[in-house]
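J.: sequence and predicted model, in that order:
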Amino acid sequence: MVNTRTDAELSAAVQNALQALLPQIRKEIREEFRTGS
């Protein structure tokens, strides 16, 4: 099994995904705290 992606490409893809998801996750957490309290 040959890995065509390098570790650098993989970590870059992971970081891009995290940067895209974090604002949405923070927003959902904030809304949950607001409704929960």
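T.: Yes, it's here.
J.: mind listing the helices for the protein?
T.: For the chain, applying DSSP state H gives helices covering 7-36.
J.: any low-confidence regions in it?
T.: For the chain, the stretches with pLDDT under 70 are 1-3, 37.
J.: just want the most central residue of it.
T.: Nearest residue to the geometric centre of the chain (CA atoms, centre = their mean): Leu18, 2.3 Å.
J.: gap between that one and Ala12?
T.: Note on Leu18: its distance to Ala12, by CB to CB, to the nearest Å, is 11 Å. For glycine as for every other residue, the C-beta is placed from the backbone atoms N, C-alpha and C.
J.: contacts for stretch 21-28?
T.: Counting by CB atoms under 8 Å, 6 or more residues apart in numbering, stretch 21-28 makes contact with no residue outside itself.
J.: pull it out as CSV, backbone CA atoms only.
T.: What follows is stretch 21-28, C-alpha atoms only, in CSV (Å, rounded to 0.1, in the frame of the first residue of the first chain):
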residue,chain,number,x,y,z
LEU,A,21,-14.7,23.8,11.7
LEU,A,22,-13.6,25.7,14.8
PRO,A,23,-15.8,28.8,14.4
GLN,A,24,-18.9,26.6,13.9
ILE,A,25,-18.1,24.5,16.9
ARG,A,26,-17.5,27.6,19.1
LYS,A,27,-20.8,29.1,17.9
GLU,A,28,-22.7,25.9,18.8
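J.: quick check: Glu19 vs Glu9, distance?
T.: Just to correct that, residue 19 is Gln rather than Glu. 16 Å.
J.: do Ala17 as well
T.: From Ala17 over to Glu9 (counting by CB to CB), the distance is 13 Å.
J.: with Arg34 instead?
T.: Arg34 is 39 Å from Glu9, by CB to CB.
J.: go on, Ala20?
T.: 17 Å.
J.: then Ile29?
T.: Distance, Ile29 to Glu9, using CB to CB: 30 Å.
J.: what about Leu10, neighbour count?
T.: Residues lying near Leu10 (other CB atoms under 10 Å) number 11.
J.: and what of Arg5?
T.: Neighbours of Arg5 (other CB under 10 Å): 10.
J.: give the contact list for it.
T.: Contact analysis of Arg5 by CB under 8 Å, 6+ apart lists Ala13.
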